[in-house]
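Novice: Pasted the sequence and its predicted model underneath.
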Amino acid sequence: MCLAAGVDFIDLDECARRGVVVANSGSVFSADVADHAVGLLIDVLRRVSAAERFVRRGLWPVQGGHPLGSKIGGRRVGIIGLGNIGSQIAKRLQALGCIVCYNSRTPKDSVPYRYFTNVHDLAVESDVLVVACALNKATRHIVGKDVLEALGKDGVVVNIGRGANVDQAELVRALKEGRIAGAGLDVFENEPGAPGELFCMDNVVMTPHVAVFTAESMSDLRDHVVANLEAFFSGQPLLTPVLPHSPVN
Amino acid sequence: MESLGVLLLYPVNAYLEQELDRRCRLYRFWESPREEFLRAHAGAVRAVVGNANYGADAALIDALPALEIVASFSVGIDRVDLAKCRERGIRVTNTPDVLTDDVADLAVGLAIAVLRRIPQADRYVRAGLWKSRGDYTLTTRFSGKRVGIIGLGRIGQAVARRVEAFDCPVNYHQRTEQKSVYPNYTYYPTVVELASNSDVLVVACPLNASTRHIVSREVMETLGPKGVLINVGRGPHVDEPEMVAALADGRLGGAGLDVFEDEPNVPEALLGMDNVVLVPHVGSGTYETRKAMADLVLGNLEAHVLSKPLLTPVV
């Protein structure tokens, strides 16, 4: 039983060889992760955490106004990975007036969003990139130097996938040099901990890999694990099986 | 409108100030002591431009004999003495619609920030505690929570449409039910009943005599230890000392606040709390929206000078 949505740390081929079936958490966490992604996006564009620090430091009476943020409606958001989580992010962002586009391994039928065959082209046409894909060989550092350059100096990156989906060193460099406008990050290479160079930046919001961790999702997960175990031990198909070559990998 | 004498009450926006200076005869109220200014220029002021915190009250209106129009750089005009304006035949305009989306986005952003503790988690990372102390605490899901909206006007409706995408049931209270317009939203005839049936309570109504302290101690206690209050209206909508006490001893779960009773002053006790998110009246605070608001103020003044219908009149 994998208690995560991602299975990047499980050797699926070896499990298959030994006849060990693998189940993941399916879409139990999807709403919470989507909510967190949207919360990070709003925070970065509207400078919520930065404004909070401003107030708590007692600067409002002293300095008056706080720097303006950016309007969310009309912003083009490129979602990398339109699985359970990506689709829920898309639905929420549409309600905020964003224009949603996406990249995934294959285009999805019957979604109203524009598809791009690669992340670079998606980045060219996006103001915000949201990383919502699994981590595997093909998606390691899928957001790297050329994608960041394509996103541009007014662009924002939101990562609720895995730290290694983004070339972190390049991202930090781009933020330091003002080559992108901001980032909302829940995941990092080499957790726990985030790059210290980001700690003084007001255009970055960092959370400690919390996107799935609500009381409700933990309770839903317990129910889901029990249901998978009951299915397995009664000879029924798993609710959320993971195969070595399935789309989630 | 070069001959229009405009009194700007506060440096609310650089672009607006620049345009007023370029196109009108601009007086800046903060540049000299009030009495000295009025003695020198009162007779020349035909227009006043204020905002959410600085308005044309009765005393100021009385001191400006030539005043024809008050154009507020805000949608809420609780700081303008409307009765006095009506009495004197002074027109009043505000900036509705252009800021609706920004305020609604912030309301949703604050709700997620409070329930998911985003600014607090960010502080945790910046303080190095993720490395030294380990994982952050569990937070509370936002999706599916019952959202109660006080005032289903432009902003309230925009909040409702957004939270529907998070599968949140929408409840509301206002003076009248509008069942045919909002068949999917549940109306409650009192704010206490609204609070009793909601997990997140959003203030989105105008401030006037009947809505002052509409969020009372009773409302907050009914919202309860797991309830979250989001105020993107005006500080005086909420009984602030009662709110601070309720948050401190857990009778109210949390709050996301963009407005306060005595801005820019925030109650000291809130600054030390972890179950609140506090921002400095940034509801309309984006480059795009502030420019649109400024253009609306300028457009209203121009229409007035040309004797054309005002764009967004209140009086």
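Specialist: Now that the structure is in, tell me what you want to look at. Residues are numbered from 1 along each chain as shown, chains lettered A, B, ... in the order given.

Novice: For residue B:178, give me the pLDDT.
Specialist: Listed pLDDT for residue B:178 reads 88.

Novice: Now that it has come up, it's in contact with residue B:156, right?
Specialist: No: with contact defined as C-beta atoms under 8 Å, residue B:178 does not count as touching residue B:156 (11.2 Å). Yep, even glycine has a C-beta here, placed from its N, CA and C like the rest.

Novice: So the two - more neighbours on which side?
Specialist: Using other C-beta atoms under 10 Å in any protein chain shown as the criterion, residue B:178 and residue B:156 rank with residue B:156 on top: 27 against 12.

Novice: For residue B:159, see how far away the closest residue to the more buried one other than its chain neighbours is.
Specialist: Leaving aside its chain neighbours, residue B:156 sits nearest to residue B:204 (4.0 Å; criterion: C-beta to C-beta, 6 or more residues apart in numbering or on different chains). Distance, residue B:204 to residue B:159, by C-beta to C-beta, to the nearest Å: 6 Å.

Novice: can you check residue B:89 too?
Specialist: Residue B:89 is 36 Å from residue B:159, by C-beta to C-beta.

Novice: again, but for residue A:88
Specialist: Residue A:88 is 19 Å from residue B:159, by C-beta to C-beta.

Novice: Specify which residue of those two has the higher count of neighbours.
Specialist: residue B:159 (30 against 25).

Novice: quick one, what contacts that one?
Specialist: Neighbouring residues of residue B:159 by C-beta atoms under 8 Å, 6 or more residues apart in numbering or on different chains: B:104, B:107-108, B:147, B:149, B:202, B:204.

Novice: Could you do residue B:79 as well?
Specialist: Residues in contact with residue B:79 (C-beta under 8 Å, 6+ apart) are B:50, B:52-57, B:72.

Novice: Which of the three states applies to it?
Specialist: coil (DSSP: H, G, I helix; E, B strand; the rest coil).

Novice: before we move on, which element is residue B:53 in?
Specialist: Residue B:53 belongs to no helix or strand when assigned by DSSP states H and E.

Novice: and the nearest residue to it once chain neighbours are set aside, how many neighbours?
Specialist: Counting by C-beta to C-beta, 6+ apart, residue B:53 lies nearest to residue B:263, which is 5.8 Å off, once chain neighbours are set aside. Here the count is done by other C-beta under 10 Å, and residue B:263 has 16 residues near it.

Novice: wouldn't residue B:263 be in contact with residue B:283 here?
Specialist: No: using C-beta under 8 Å, residue B:263 makes no contact with residue B:283, being 12.0 Å away.

Novice: Tell me which residues are up against stretch A:108-120.
Specialist: A:78-80, A:82, A:87, A:90, A:100-104, A:107, A:122, A:125, A:129, A:142-143, A:146-147, A:150.

Novice: Let me see the contact set for the residue nearest in space to the middle of chain A.
Specialist: In chain A, the C-alpha nearest the mean C-alpha coordinate belongs to residue A:160, at 2.2 Å (C-alpha atoms, centre = their mean). Residues in contact with residue A:160 (C-beta under 8 Å, 6+ apart) are A:33, A:36-37, A:40, A:85, A:130-132, A:186-187, A:211.

Novice: okay, now residue B:25: neighbour count?
Specialist: So residue B:25, with other C-beta under 10 Å, has 18 neighbours.

Novice: wait, I meant residue A:108
Specialist: For residue A:108, using other C-beta under 10 Å, the count is 13.

Novice: which stretch of helix or strand covers it?
Specialist: Using DSSP H and E, residue A:108 falls outside every helix and strand.

Novice: now swap in residue A:35 and tell me
Specialist: helix A:30-46.

Novice: Export only the CA atoms of that helix, formatted as PDB.
Specialist: In PDB, the C-alpha atoms belonging to helix A:30-46 read as follows (Å, rounded to 0.1, in the frame of the first residue of the first chain):
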ATOM      1  CA  SER A  30      -6.700  15.400  -5.100                       C
ATOM      2  CA  ALA A  31      -9.000  18.100  -3.800                       C
ATOM      3  CA  ASP A  32      -6.600  19.100  -1.000                       C
ATOM      4  CA  VAL A  33      -3.600  19.300  -3.300                       C
ATOM      5  CA  ALA A  34      -5.600  21.300  -5.800                       C
ATOM      6  CA  ASP A  35      -6.700  23.700  -3.100                       C
ATOM      7  CA  HIS A  36      -3.100  24.100  -1.900                       C
ATOM      8  CA  ALA A  37      -1.900  24.800  -5.500                       C
ATOM      9  CA  VAL A  38      -4.600  27.500  -5.900                       C
ATOM     10  CA  GLY A  39      -3.800  28.900  -2.500                       C
ATOM     11  CA  LEU A  40      -0.100  29.200  -3.400                       C
ATOM     12  CA  LEU A  41      -1.000  30.800  -6.800                       C
ATOM     13  CA  ILE A  42      -3.300  33.400  -5.100                       C
ATOM     14  CA  ASP A  43      -0.600  34.000  -2.400                       C
ATOM     15  CA  VAL A  44       2.100  34.600  -5.000                       C
ATOM     16  CA  LEU A  45       0.100  36.800  -7.300                       C
ATOM     17  CA  ARG A  46      -1.600  38.800  -4.600                       C
END
